[in-house]
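J.: mind folding the following:
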Amino acid sequence: MNNFSYRPINMQATGQRIRNYRNAQKITVEELSSFFGISPQAVCKWQRGDALPSIDNLMVLCDIFQVRVEDLIVRDDDRSSLLPFFKKEREESGDIVGHIAA
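T.: Coordinates of the predicted model:
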């Protein structure tokens, strides 16, 4: 068994980013919910961190806000705990190109 540890998504911080990007684009909760065909309460749940958008909705949010997924999703911890795992995986697969940016 390897010592892999993952970085969970920080739902509250991700929700705050969704709110910040929505406000920066001057889009109302109602406009955003209408675009997705969901209730304004669902968007509010995203913004509070009570729920996360589906993968499909997440990709559309990134297109609307013109950001990458990595810019929208906030993950806990720092990625240094993953470096040994990915280094070992690359060595075992012979991949010498890939790396994780710090």
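J.: residue closest to the middle of this structure?
T.: Residue closest to the mean C-alpha point of the chain, counted by CA atoms, centre = their mean, is I73 at 2.2 Å.
J.: and that residue, backbone torsions?
T.: The phi/psi pair for I73 (degrees, to the nearest 10) reads phi -90, psi 130.
J.: that one and I9 touch, don't they?
T.: Yes - with contact taken as CB atoms under 8 Å, I73 and I9 are classed as touching, separated by 5.9 Å. C-beta here means a position set from N, CA and C on the backbone, and glycine is covered the same way.
J.: convert the C-alpha atoms of the helix or strand hosting D71 to CSV, please.
T.: Element membership of D71, judged by DSSP states H and E, is helix 69-72. Taking C-alpha atoms only, helix 69-72 is exported to CSV below (Å, rounded to 0.1, in the frame of the first residue of the first chain):
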residue,chain,number,x,y,z
VAL,A,69,-11.1,24.3,-13.2
GLU,A,70,-8.0,24.8,-11.0
ASP,A,71,-8.9,28.5,-10.7
LEU,A,72,-12.4,27.7,-9.5
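J.: any idea how far T28 is from the residue nearest to the centre of the chain?
T.: 23 Å (CB to CB, to the nearest Å).
J.: which residues does the closest residue to R7 other than its chain neighbours bridge with?
T.: Once flanking residues are discounted, R7 sits nearest to R75: 4.1 Å by CB to CB, 6 or more residues apart in numbering. According to DSSP bridges, the residues that bridge with R75 are I9.
J.: which residues touch R75?
T.: With contact set as CB atoms under 8 Å, 6 or more residues apart in numbering, R75 has these partners: R7, P8, I9, N10.
J.: please enumerate the helices of the chain.
T.: For the chain, helices defined by DSSP state H occupy the ranges 11-24, 29-36, 40-48, 55-65, 69-72, 83-93.
J.: and the pLDDT for N2?
T.: The model reports N2 with a pLDDT of 64.
J.: if we can go back for a sec, out of the helices of the chain, which is the most enclosed?
T.: Ranked by mean neighbour count under mean count of other CB atoms under 10 Å, those are led by helix 40-48, which reaches a mean of 18.
J.: what comes into contact with that helix?
T.: 12, 15-16, 18-19, 22, 29-30, 32-33, 36, 51-53.
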